[in-house]
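Trainee: here are the coordinates; sequence isn't available:
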């Protein structure tokens, strides 16, 4: 989503990126409106739950870090972002009970968004380790259904979810982000059937599962380097017993390009499945706006400009126009892609 203005010499980081009881290697600043940034916590001091609570009470969801300290921030993220081994998958009934809160309008929107993101991370950890875990496909369907419901019911849900996304590139968080953008795009295109949105969301969640077979992160600046991961993803799901044709096709086709320059099959135009065309847009936007080694993330506006000008041939033009309108806050329903 397009960014608010950031004071020159600083870059924005999400509050959720900071871990409690850690020593910062960079300075944290707060900016209110157009005022000058104010130092909140110095680089050699600890960050605690008390600090987090104070910031949340004041409505702060992001902080500023001096641009000169970006390497220190990236080192901090790398040190504290390693995910522990996933615990045994909880019973579906327990996950369903937690997801029920997502549809409860009496719950704070921020809390409901947090449930969606945390549950996504939990389920995707299992999917990337062993997608054949009993109950996992069904729980991911429940998650995608809850995500669709939230985006249908709450006008502000997309903005809130995006504000809580992790901004560093990491396969699990990237998959979650891509799914949220894809479901929102499908909804903006006129799809309001919860069953359809759930199917689309689940397919988007597992679009990059072939990365599990790569054994390494995608090389910086080389998005086409691991060209075998689309087919690998479909193969992993088939071997794990997933019989969802949409998931398999999105895995295979999310790197196909509208102008025929994509892979692995070189499909072109309307031959590419519509959901794969949507995922391609969401996938690229999240990559462009996320930090990874050797890549400085673009702002939302910069990413949309690059996609519409320098990369436009890669994407379905109707879906791309709708995606831009959606992120700019316009309804765009009159321009539903064919």
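Mentor: Received the coordinates, thanks. Note that the coordinates shown come from a computational prediction; the quantities given were computed from them, not determined experimentally.
Trainee: alpha carbons only for contacts and neighbour counts from here, please
Mentor: Will do.
Trainee: for residue 10, which residues are in contact?
Mentor: 64-67 (C-alpha atoms under 8 Å, 6 or more residues apart in numbering).
Trainee: for the stretch 51-200 of the chain, just list every one of the helices.
Mentor: Ranges of helices within the stretch 51-200 of the chain are 70-80, 92-99, 109-129, 136-153, 157-164, 171-188, 194-205, based on DSSP state H, counting those that start in this stretch.
Trainee: among those helices, which comes closest to residue 24?
Mentor: Counting by C-alpha to C-alpha, residue 24 lies closest to helix 70-80 out of the helices of the stretch 51-200 of the chain; the figure is 7.5 Å.
Trainee: tell me the mean pLDDT for that closest one?
Mentor: Average pLDDT, helix 70-80: 82.
Trainee: count of residues packed around residue 63?
Mentor: As a burial measure, residue 63 scores 20 neighbours (other C-alpha atoms under 10 Å).
Trainee: which ones are touching it?
Mentor: 12-15, 28-31.
Trainee: residues of stretch 121-131 that come out buried?
Mentor: For stretch 121-131, a neighbour-count test (16 or more other C-alpha atoms under 10 Å) marks 121, 123-128, 131 as buried.
Trainee: roughly how far out does that stretch sit from the chain middle?
Mentor: 15 Å (C-alpha atoms, centre = their mean, to the nearest Å).
Trainee: now do it: everything it contacts.
Mentor: With C-alpha under 8 Å, 6+ apart as the criterion, stretch 121-131 contacts 86, 89, 133, 136-137, 139-140, 172-173, 176, 205-206, 209, 212, 236-237, 240.
Trainee: would you list the buried entries among these?
Mentor: The buried subset of these (16+ other C-alpha under 10 Å) comprises 89, 136-137, 139-140, 172-173, 176, 205-206, 209, 212, 236-237.
Trainee: and the least confident of the residues you listed?
Mentor: Checked by pLDDT, the buried ones among the contacts of stretch 121-131 have residue 212 as the lowest-scoring entry (79).
Trainee: now it. Nearest residue, chain neighbours left out?
Mentor: Closest residue to residue 212 apart from its sequence neighbours, by C-alpha to C-alpha, 6 or more residues apart in numbering: residue 128 at 5.7 Å.
Trainee: any weak-confidence spans in the stretch 151-300 of the chain?
Mentor: Scanning the stretch 151-300 of the chain for pLDDT under 70 picks out the ranges 166-169, 214-225, 293.
Trainee: ok, the closest residue to residue 110 other than its chain neighbours to residue 180 distance?
Mentor: In space, residue 110 comes closest to residue 160 once its chain neighbours are excluded; the distance is 6.9 Å by C-alpha to C-alpha, 6+ apart. As defined by C-alpha to C-alpha, to the nearest Å, residue 160 lies at a distance of 11 Å from residue 180.
Trainee: cool, and residue 143?
Mentor: In terms of C-alpha to C-alpha, residue 143 sits 11 Å off from residue 180.
Trainee: what about those two, which has more around it?
Mentor: residue 143 (27 against 24).
Trainee: that one is in contact with residue 118, isn't it?
Mentor: No - at 10.5 Å, residue 143 does not count as touching residue 118 under the criterion of C-alpha atoms under 8 Å.
Trainee: contacting residues around residue 267?
Mentor: Counted by C-alpha under 8 Å, 6+ apart, residue 267 has contacts 256-258, 260-261.
Trainee: name the helix or strand for it, please.
Mentor: Following DSSP states H and E, one finds residue 267 outside all helices and strands.
Trainee: before we move on, back to that, next, format the helices of the stretch 51-200 of the chain as a markdown table and append distance to residue 287.
Mentor: Shown next, in a markdown table, are the helices of the stretch 51-200 of the chain (distance: least, C-alpha to C-alpha, whole Å):
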| stretch | distance to residue 287 |
| --- | --- |
| helix 70-80 | 16 |
| helix 92-99 | 27 |
| helix 109-129 | 17 |
| helix 136-153 | 21 |
| helix 157-164 | 13 |
| helix 171-188 | 8 |
| helix 194-205 | 14 |
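Trainee: select, out of these, the one closest to residue 325.
Mentor: helix 171-188 (9.1 Å).
Trainee: what's in contact with the closest one?
Mentor: By C-alpha under 8 Å, 6+ apart, helix 171-188 touches 117, 120-121, 124-125, 147-148, 151-152, 158, 162, 165-166, 197, 200-208, 211, 217, 278-279, 282-283, 286-287, 319, 322-323, 326, 331-333, 336.
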